[in-house]
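**Student:** below: sequence and its predicted model.
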Protein chains: 2
Amino acid sequence: MKPETDLSTLSLAILGLISQRPLTGYDLRKVFLTTPMGHFSSSPGAIYPALRRIEDAGWVRGRTGESKTRRERVVYEIAARGLAVLKQHLSRPVTRDDVIWRMDDLMMRFAFMDGIVGREMTVRFLEDFASQIDAHVADLQHYFDSAKSILPACGKLAMENGIQGYEMNAQWARRAIQELQ
Amino acid sequence: MKPETDLSTLSLAILGLISQRPLTGYDLRKVFLTTPMGHFSSSPGAIYPALRRIEDAGWVRGRTGESKTRRERVVYEIAARGLAVLKQHLSRPVTRDDVIWRMDDLMMRFAFMDGIVGREMTVRFLEDFASQIDAHVADLQHYFDSAKSILPACGKLAMENGIQGYEMNAQWARRAIQELQ
DNA sequence: GTCCGCATGTAAGGCGTTACATGATTAA
DNA sequence: TTAATCATGTAACGCCTTACATGCGGAC
């Protein structure tokens, strides 16, 4: 049985944004189109079904007809259960698999932490994040050392890029911890 | 009409690996499981259908029954059309959208360039890659400057992480150009 | 003689993509 | 009044995920 906190990345983004302030589907599309959150969908075919799903789950509530005009418009706001789910999702421990397969998710979980989980939990997240990355980098480095003699030039450079990316993330996390304290 | 070089990331990975040497589906699974190429599938439900698709497209050929035992085993090798498609795909110009939405693809395209496209094309790729990133970073920075006063602490830090990641990639590309020459 | 690794597959389900569709409002 | 923007949706499709299924061969 899957945990109730198992959100798709898009659902997490939507839930996180709505938790900050009530938004319509169109508002969400604009956010995804015009801000750096925007390596997301922004397509109606993704957003409206996702909104429907998290509404059916009871995580958000849609209110219709608050505008002066009769133009259809649904403003979604976070529900108590949605906030609980979000909190639980943001509080999940950082696993190795998260670092390898769901880096986007991790970054989004972090980005939404203000006001949802405490500063202590946020720092804890960053510490785990950094140490999981360290462990993964050690593995990658080990593989790299044993394989670099047979890797073609571009393959080698691509691997170096990957390792440097992870190292940058760990450094960033440690700087972020300093700044939060 | 979509160009014939519009490969899914997984298909690109498979085609690129098979272009280096003949492999079975199981070999591919092992690569995805045990090497840093492995933030891929590695699940039979992804690999075998993908292999079937690129075989049906005439990009690889499967040979059965070369082993001494009668255990079923299909070795795939690159076909002329597959090599052409791969070459064309790797030669595509680096667009802004690639940088924003398909960074994984870009890295994989680069990783497979040895022996497929010339060094000149490879360097050209890295130059375009770096300058597209520069342009994107300028945009992000612009957005960040205008939004940082209203962004919550974690949101701000997450954005900084994103920008730094792009900057790292541009620096890596420029170092890679030096190394290739 | 049983367990583990090799080796290939199928079925159901989820979810994002593209493309299409529809109608209201506002600015030129 | 015509185009652009607001605003919400549906339908077809592709492809990955998870889970299940199956059988051979070697090692202990």
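**Tutor:** Everything's here; your move. Residues are numbered from 1 along each chain as shown, chains lettered A, B, ... in the order given.
**Student:** now the strands for chain A?
**Tutor:** A:23-24, A:60-64, A:74-78 (DSSP state E).
**Student:** is the shortest one in proximity to chain B?
**Tutor:** No. Taking Cβ under 8 Å from any Cβ of the partner chain as the criterion, strand A:23-24 and chain B are apart, separated by no less than 15.4 Å. For every residue, glycine as well, the C-beta is placed using N, CA and C.
**Student:** for residue B:135, find the nearest of the strands of chain A.
**Tutor:** For residue B:135, the closest of those is strand A:23-24, at 29.3 Å, according to Cβ to Cβ.
**Student:** and the pLDDT at the residue nearest the centre of chain A?
**Tutor:** Central residue of chain A (Cα atoms, centre = their mean): residue A:108, 2.3 Å from the mean position. What the model reports for residue A:108 is a pLDDT of 95.
**Student:** cool, residue A:6 as well?
**Tutor:** Per-residue confidence (pLDDT) for residue A:6: 74.
**Student:** do the one 3 residues further on as well
**Tutor:** We have a pLDDT of 92 for residue A:9.
**Student:** once you drop chain neighbours, what's closest to it?
**Tutor:** Of all residues not flanking residue A:9 in the chain, residue A:105 sits nearest, at 5.3 Å (Cβ to Cβ, 6 or more residues apart in numbering or on different chains).
**Student:** list the contacts for the one you found?
**Tutor:** Residues in contact with residue A:105 (Cβ atoms under 8 Å, 6 or more residues apart in numbering or on different chains) are A:9, A:12, A:98.
**Student:** hmm, the least confident helix or strand in chain A by mean pLDDT touching chain B?
**Tutor:** When each helix and strand of chain A is scored by mean pLDDT, DSSP states H and E, helix A:96-101 comes last, with a mean of 91. Yes. Remark: helix A:96-101 sits within contact range of chain B at A:100, A:101, by Cβ under 8 Å from any Cβ.
**Student:** and residue A:105, how close does it get to residue A:13?
**Tutor:** Distance, residue A:105 to residue A:13, by Cβ to Cβ, to the nearest Å: 9 Å.
**Student:** coming back round to it: just the buried subset of the contacts of residue A:105, please.
**Tutor:** A:12, A:98 (16 or more other Cβ atoms under 10 Å in any protein chain shown).
**Student:** specify which member of the contacts of residue A:105 is nearest to DNA strand C.
**Tutor:** residue A:9 (6.1 Å; Cβ to the nearest atom of the strand).
**Student:** surely that closest one touches residue A:101?
**Tutor:** No. With contact defined as Cβ atoms under 8 Å, residue A:9 does not reach residue A:101; the gap is 11.1 Å.
**Student:** can you list the residues of chain A near DNA strand D?
**Tutor:** Counting by Cβ under 7 Å from any atom of the strand, chain A comes close to DNA strand D at A:24-27, A:29-30, A:44-45, A:48-49, A:51, A:67, A:71-74.
**Student:** what subset of the residues you listed is buried?
**Tutor:** Neighbour-count burial (16+ other Cβ under 10 Å) is assigned, among these, to A:24, A:25, A:29, A:51, A:74.
**Student:** got a list of what the residue nearest to the centre of chain A touches?
**Tutor:** A:9, A:12, A:13, A:16, B:158.
**Student:** out of those, which touch DNA strand C?
**Tutor:** Answer for the contacts of residue A:108 near DNA strand C (Cβ under 7 Å from any atom of the strand): residue A:9.
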